[in-house]
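Visitor: With the input below, show me the fold.
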Amino acid sequence: MNNLLIQSLLLIVGSIGTIAAFWYLFSSNTKTKKSFISKDGTSFRDQESCDNYEVICERFTGFFDEEALRTNKKKNDLTGLRIAFIKLLKSDGFQDVKTMIKYKDDFRKLADLFELDSVA
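Guide: Below is the predicted model of the structure:
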């Protein structure tokens, strides 16, 4: 008798657990989570994060536009950074500490470009 009662309880608990698991899986999939997509396809949970990302991306667009780099080469800077520094960032790299120290002000300006309260 005792064995039958334990088996019945296990069957009931197992059935309830299975039903609860399926209910959770299917109910969480049906909830539509609104996401915001930036111009480059990156997805965000809220509009503010998406807007902030796009502002920062806009600041760096010129780094990868060869025409903008050539045009600004005469001024020798782009968004306040020296063209030589941008070239080192993108392709050549910093071969020694002396070169990195030479561009310390450019590193600071680069970090400021990531701040939303800085002027673009």
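
Visitor: Just give me how far the biggest helix by length in the chain sits from the chain centre.
Guide: What stands out as the longest helix in the chain, according to DSSP state H, is helix 2-30. Centre-to-centre, helix 2-30 and its host chain are 40 Å apart (CA atoms, centre = their mean, to the nearest Å).

Visitor: likewise stretch 96-106?
Guide: The chain centre lies 27 Å from the centre of stretch 96-106; the measure is CA atoms, centre = their mean.

Visitor: Give the buried residues for it.
Guide: Buried residues in stretch 96-106, counted by 16 or more other CB atoms under 10 Å: 103, 106. Bear in mind the C-beta positions are built from the backbone N, C-alpha and C, glycine included.

Visitor: Tell me which stretches of the protein form strands.
Guide: 36-37, 43-44, 77-78, 81-82 (DSSP state E).

Visitor: just checking, L88 touches K102?
Guide: No - L88 is not in contact with K102 according to CB atoms under 8 Å; the separation is 9.7 Å.

Visitor: where are the low-confidence patches of this protein?
Guide: 1, 28-33, 68, 72-78, 118-120 (pLDDT under 70).

Visitor: can we see that at 80?
Guide: Scanning the chain with the threshold set as pLDDT under 80 gives 1-2, 25-33, 62, 65-79, 117-120.

Visitor: separation between I56 and L11?
Guide: Look at I56 and L11: by CB to CB, to the nearest Å, they are 57 Å apart.
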